[in-house]
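In: quick one: sequence and predicted model below, then my questions.
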Amino acid sequence: MGHMDHAAFGWLTPALSYAMACTGAALGLRCTVRALTTTGRARRNWLVTAASAIGTGIWTMHFVAMLGFRVSGTDIRYDVPLTILSLVVAMVVVCAGVFAVGYGKDRNRALLIGGLTTGLGVAAMHYLGMAAVRLHGHVSYDPALVGLSVVIAVVAATAALWAGLNIRSPLAVTLASLVMGAAVSSMHYSGMFAVSVRVDPSGTPLPGATAMQFIFPLAVGLGSYLFITSAFVALSPTADERAASATAQRPVERAAR
């Protein structure tokens, strides 16, 4: 049995992965709030941005945390197509959940469907990411802990979508994003604690890319996307600000006539 280390760099990767999860959640919630105050194409665009932010945050959290994953007696590589597929799955299922809430007539029903869909998709993303791991040995899972991680994913996703529907103030969104980041991190590490590895030492080169060759550059790129998009959302006017600006311009237009 190989000894596993989930934090080979100490608290750096857990703390950084938590920050990524919180950033994605905060940005996704802010975009969802914006979406619910608009209609038509604007609502669709805000919901797409929300889904991409949440999906990117979850995926980046997972693989930043995986940078600290080590198993004694074997190197670790990552299957590139499967890793990219896990990112696509995260984006698609979160998009489905966010759109279910954004356009659902019955909010409670949409929340349950969206939370279940998104939670199962997040869990699928996590285990697809684990399926991309290549090492000298055999990976097995504790079914009870796998089940717990799936439950946490569904609850976290449902809570995130509920927050998007019901939370408006920036302070409340910040607090909700901190809680959501903790929930996503808990899902990840409960899933990781379900893992057992039986190492079969071998000198055969492993297929795939190392974490630093592939995961790290991609995580940095996606993390940059989150921060740049956060700046864009923070600087763009809200619906109330646009309404106030339009109201202020009317007397000026009348005077000009």
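Out: Happy to help now that I have it. Numbering: from 1, shown residues only.
In: which residues of the stretch 151-257 of the chain fall in strands?
Out: 195-199 (DSSP state E, counting those that start in this stretch).
In: those helices in it, which residues are they?
Out: For the stretch 151-257 of the chain, the helices defined by DSSP state H, counting those that start in this stretch occupy 170-193, 216-235, 239-256.
In: look up how far residue 108 lies from residue 66.
Out: Separation of residue 66 from residue 108 (C-beta to C-beta, to the nearest Å): 36 Å. (Glycine included, C-beta is placed from N, CA and C.)
In: give me the more crowded residue out of these two.
Out: Per other C-beta atoms under 10 Å, whichever of residue 66 and residue 108 has more neighbours is residue 66, with 23 against 10.
In: which residues touch the more buried one?
Out: For residue 66, the contact set (C-beta atoms under 8 Å, 6 or more residues apart in numbering) comprises 129, 211, 215.
In: give me every residue that touches the last one.
Out: The contact partners of residue 215, by C-beta under 8 Å, 6+ apart, come to 63, 66, 67, 78, 83, 209.
In: what about the longest helix in this structure?
Out: Ranked by residue count under DSSP state H, the longest helix found in the chain is helix 40-66.
In: that one: which residues count as buried?
Out: Neighbour-count burial for helix 40-66, counted by 16 or more other C-beta atoms under 10 Å, picks out 43, 46-66.
In: then stretch 24-38?
Out: Quick answer for stretch 24-38 (16+ other C-beta under 10 Å): 24-36, 38.
In: can you redo these as a markdown table with secondary structure, pLDDT and distance to residue 202?
Out: Output for the buried residues of stretch 24-38, formatted as a markdown table (DSSP: H, G, I helix; E, B strand; the rest coil; pLDDT from 0 to 100; distance: C-beta to C-beta, whole Å):
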| residue | secondary structure | pLDDT | distance to residue 202 |
| --- | --- | --- | --- |
| 24 | helix | 87 | 38 |
| 25 | helix | 85 | 41 |
| 26 | helix | 85 | 44 |
| 27 | helix | 86 | 43 |
| 28 | helix | 84 | 42 |
| 29 | helix | 82 | 46 |
| 30 | helix | 84 | 49 |
| 31 | helix | 86 | 47 |
| 32 | helix | 81 | 48 |
| 33 | helix | 80 | 52 |
| 34 | helix | 83 | 52 |
| 35 | helix | 85 | 51 |
| 36 | coil | 80 | 54 |
| 38 | coil | 84 | 57 |
